[in-house]
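Trainee: Sequence first, then the predicted structure:
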Amino acid sequence: MTDYYVRPSGGSYGNEDGSDYANAWDGFTNINWATVDAGDGKLFVAGTHYETMTVGASGEAGVPIQIVSCTIANGATNDDPATIDGSATRYYGIQINSQTYITIDGITIQNCLGRVPGIGNNACIEVTGSNCTVKNCTLYCNTSRGIDVEYAQNFTLQNTLIDSTATDTANENDLLFFWGGGGGSPGHIIGGEAGKGNHFYQRTIGSSLYIDGIQTYNEDGPMEVSYNYFQDESPGGGNNMLIQIERGSGQYNIYNNIIMRNNPNDNQAPVICDTDGTMVFEHNTVVNLIGFGINQLSGTLQARNNIFYAGTRECYSSTNAPPAGWPNNNLYYHLEGPTHSIGADPASHNWAQWAEQYETAGDYGDPLFTNLAGRDFTLQGGSPAIGLGDARANLNIGPSDDYLGNPRDATTPDVGAHEYQLAGVVMPIAMAYYRQRRN
């Protein structure tokens, strides 16, 4: 297997044939993509680059083209980690234009130029080819989208931080955006297992941004969104959703996520179901200190075994009466008490009314998070979330483990993302890594 190396443009690297670190290709434009074949080793990206990488080769099933940060831990001969800096003049960090079976691993991308009418939806990474993977990356979005996936199938995102500090000039620059594709097998996977979830971190400033964590538009399922941490700590800005499934058909499985908003100027729901298909929503912890918990605008929403913690508006809102049996086995808590409107169908209901109508097996009460202010959503002893869940056999997904990888009780699981642990839980390396990078 042959490894290749590319270093920043303008250097002097021996033969510059990409054969090793000392003889690396001089910048992205000098990569000889004709020599990069499926089944080769890795293309190691070393140092800081101020140009866009346009991928020029495709891999094959089981043997993708691997574009990897140059570190010894990744198998390189030298430690020279990769950063792509758009210098606020380049539209993309990496472009995958119809190439397939590409893996991007461990690269930091920042300062890409924001949306420009007539140019396109600029992003740190653009993907228009199927069967591509982004993992272990760090994407800083001050004006651009994080990842733009269009007309593609089977995209995978794992263990990646997407950090947005956008302002009004970056309107609609979502952290992860899907358009016009999907429908493949196994479908899109965002997270997928404990320790491989992503951190979607929004710190946007502005009046009406429409910057979402994940937005799909005319994107068909299947799609799996699991084991991720969605966090909106924006000091300002409005109409920012954390998960918005809009149009498209098929099934969207959303489970074992933490979905948290603390945005004083945004009372919208962090989760929007606006699909022509079905959103299956199980074992999520949804905390919105200001507004809604979840909002169903269209399609079928099957919500069970979740925690909905809301501030000023309903925990659960629907434009139509939910289907029989849904929602159920959820725990609700409202900062203004159970007599406040807890659910809407679309008529408003306090907790007693909502429980009688829908949540015959649900409950109301403070979930007793370990440290809400510190964003620790594990459960304390005595939490009403403990044992409230419906049995795994009755669920559509029924995950056997929780957000941290701890096993779930198959018969009476705890609701929300976390299963209660008597002796406490050691934070997984992945989440510790997110917090270290975030801070």
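Mentor: Ah, there it is.

Trainee: What count of nearby residues applies to Ala361?
Mentor: For Ala361, the tally of surrounding residues (other C-beta atoms under 10 Å) stands at 15. To be clear about C-beta, it is placed using only N, CA and C from the backbone, and glycine gets the same treatment.

Trainee: Look up phi and psi at it.
Mentor: Per-residue torsions, Ala361: phi -120, psi 10 (degrees, to the nearest 10).

Trainee: Before we move on, what's the pLDDT of it?
Mentor: Predicted confidence (pLDDT) at Ala361: the value is 96.

Trainee: and it, how far is that from Asp174?
Mentor: Between Ala361 and Asp174 the distance, using C-beta to C-beta, to the nearest Å, works out to 35 Å.

Trainee: what's the model's confidence in the helix or strand where Leu297 lies, averaged?
Mentor: Taking DSSP states H and E as the definition, one finds Leu297 inside strand 294-304. Per-residue confidence for strand 294-304 averages out to 94 on the pLDDT scale.

Trainee: What of stretch 34-45?
Mentor: Mean predicted lDDT for stretch 34-45 stands at 93.

Trainee: List the buried residues for that stretch?
Mentor: Across stretch 34-45, burial judged by 16 or more other C-beta atoms under 10 Å covers Val36, Ala38, Asp40, Lys42, Leu43, Phe44, Val45.

Trainee: among the residues you listed, which two are most distant?
Mentor: Every pair in the buried residues of stretch 34-45 was compared (C-beta to C-beta); the two farthest apart turn out to be Ala38 and Val45, at 18.4 Å.

Trainee: before we move on, the earlier item: sort out for me which of the buried residues of stretch 34-45 are in strands.
Mentor: When strands are assigned by DSSP state E, the members of the buried residues of stretch 34-45 inside them are Lys42, Leu43, Phe44, Val45.

Trainee: Just the CA coordinates for stretch 103-116, please, in CSV.
Mentor: Only the C-alpha atoms of stretch 103-116 are listed here, as CSV (Å, rounded to 0.1, in the frame of the first residue of the first chain):
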residue,chain,number,x,y,z
THR,A,103,-12.9,9.7,3.8
ILE,A,104,-11.8,13.0,5.4
ASP,A,105,-10.1,12.3,8.7
GLY,A,106,-8.8,14.6,11.4
ILE,A,107,-8.5,17.9,9.5
THR,A,108,-9.3,21.3,10.9
ILE,A,109,-11.0,23.8,8.5
GLN,A,110,-11.7,27.4,9.2
ASN,A,111,-12.5,30.9,7.8
CYS,A,112,-14.3,29.9,4.6
LEU,A,113,-16.3,32.6,2.9
GLY,A,114,-20.0,32.7,3.6
ARG,A,115,-23.0,32.4,1.3
VAL,A,116,-22.9,34.6,-1.8
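
Trainee: For it, list every residue counted as buried.
Mentor: Going by neighbour count (16+ other C-beta under 10 Å), the buried part of stretch 103-116 is 103-115.

Trainee: ranges for the helices of the stretch 301-439 of the chain?
Mentor: Listed in chain order, the helices found in the stretch 301-439 of the chain under DSSP state H, counting those that start in this stretch are 351-357, 429-438.

Trainee: Out of those helices, which gets the lowest mean score?
Mentor: Going by mean pLDDT, the lowest-scoring of the helices of the stretch 301-439 of the chain is helix 429-438, which has a mean of 43.

Trainee: Below-threshold pLDDT in the stretch 1-150 of the chain: ranges please.
Mentor: Counting by pLDDT under 70, the ranges of the stretch 1-150 of the chain that qualify are 115-120.

Trainee: do the stretch 201-350 of the chain as well
Mentor: Along the stretch 201-350 of the chain, the parts satisfying pLDDT under 70 run over 206-209, 236-238.

Trainee: can we see that at 90?
Mentor: 203-211, 234-241, 263-269, 289-292, 311-313, 319-326 (pLDDT under 90).

Trainee: tell me the pLDDT at Gly381?
Mentor: Turning to Gly381, the model gives it a pLDDT of 96.

Trainee: Leaving out sequence neighbours, find the closest residue to it.
Mentor: Take Gly381 and drop its neighbours on the chain: the residue closest to it by C-beta to C-beta, 6 or more residues apart in numbering is Tyr420, 7.2 Å away.

Trainee: tell me the contacts of that neighbour?
Mentor: Taking C-beta atoms under 8 Å, 6 or more residues apart in numbering as the criterion, Tyr420 is in contact with Thr378, Leu379, Gly381, Ser383, Ala385, Ile386, Asp414.

Trainee: Noted, bye for now.
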